[in-house]
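J.: only geometry, no sequence info:
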């Protein structure tokens, strides 16, 4: 099922393949810079499968993206194939939400010697491009963004990003392992009317200068010179923007 060469070609990675932090960083960055976070299949009326073969076909063969259960699910298989020790985890998303949320986000814990690292190629709401070492309060500078993991009693860890000089909560997570069947049971994003993914069409990916995001009919391109916005007014125009900014080819009817 796992064709390593095809996967590496999909993300454009040509670096080392030994289980070391430099490899983890390289694979992580290559992945997030080439595979978008997107939920377009839901709006095309297609079911979301978390089967390994289906994920490989969608992301590698068909050169699509996906959401966290898909992206981190397949990335786990690549890391394990390279020789990394990976534990699947689940988080409660805090950014942009109110009240107590269910554990609806997948992330990965990678053990390298005595150090543990958090890897996450499936969180589409920020510029996180590299793994974070699990050291309480340690600040990581990644591009224009600063991140830190803070230990807490209830959940285990809290991931924060500095925004406008304020540390903002992104998500919290515990260290109890999840199995693939746990994500399949929690895959409500693809069918629940309460899910944001059912309500809005989303496609986003970081760039060397910032981030590009398409939400419904509005494209936002954030770069060194600020934010540019473009309103999508036709289906053909939407398809062209998906190809231009995200490398996605959508042949089926997708209303904009």
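T.: That came in fine, so what should we check first? Remember, it's a predicted structure, so these values are computed and weren't measured experimentally.
J.: Got the confidence number for residue 84?
T.: At residue 84, the pLDDT value in this model is 98.
J.: Check residue 252 too.
T.: 79.
J.: Spell out the secondary structure type for it.
T.: In three-state terms, and counting by DSSP: H, G, I helix; E, B strand; the rest coil, residue 252 is coil.
J.: tell me the phi and psi of it?
T.: phi -80, psi 170 (degrees, to the nearest 10).
J.: Could you double-check that residue 30 lies in contact with residue 12?
T.: Yes: at 5.7 Å, residue 30 counts as touching residue 12 under the criterion of Cβ atoms under 8 Å. Using the backbone N, CA and C atoms, a C-beta is placed for each residue, glycine as well.
J.: who's more crowded, these two?
T.: Legend: neighbour count by other Cβ atoms under 10 Å for residue 30 and residue 12, higher for residue 30 (18 against 10).
J.: Helix or strand: which one has that one?
T.: If you go by DSSP states H and E, residue 30 is part of helix 21-34.
J.: ditto for residue 249
T.: Using DSSP H and E, residue 249 falls outside every helix and strand.
J.: Check what pLDDT it gets.
T.: On pLDDT, residue 249 comes in at 91.
J.: try residue 192
T.: pLDDT recorded at residue 192 is 66.
J.: Likewise for residue 150?
T.: Per-residue pLDDT puts residue 150 at 90.
J.: That one - that's part of a helix, no?
T.: No: Residue 150: not assigned to a helix; according to three-state DSSP it is strand.
J.: Report the beta-bridge partner residues of it.
T.: Beta bridges link residue 150 to residue 158, judged by DSSP bridges.
J.: Would you check that it makes contact with residue 157?
T.: Yes: here residue 150 reaches residue 157: they are 6.9 Å apart, a contact under Cβ under 8 Å.
J.: how near is residue 88 to residue 47?
T.: According to Cβ to Cβ, to the nearest Å, residue 88 and residue 47 sit 22 Å apart.
J.: My error: substitute residue 227 in the last question.
T.: Distance of residue 227 to residue 47, computed by Cβ to Cβ: 35 Å.
J.: Looking at residue 88 and residue 47, which is more packed in?
T.: Remark: of residue 88 and residue 47, residue 88 carries more neighbours, 18 against 10, as counted by other Cβ under 10 Å.
J.: burial count for the nearest residue to that one once chain neighbours are set aside?
T.: Among residues not flanking residue 88 along the chain, residue 178 sits closest, at 4.7 Å (Cβ to Cβ, 6 or more residues apart in numbering). Residue 178 is flanked by 17 other residues according to other Cβ under 10 Å.
J.: Low-confidence stretches in the stretch 51-200 of the chain?
T.: In the predicted model of the stretch 51-200 of the chain, residues 99, 125-129, 136-138, 140-144, 189-192, 194-195 satisfy pLDDT under 70.
J.: Show me the helices in the chain, by range?
T.: In the chain, the segments counted as helices under DSSP state H are 4-11, 21-34, 40-43, 52-56, 68-82, 180-185, 196-199, 235-246.
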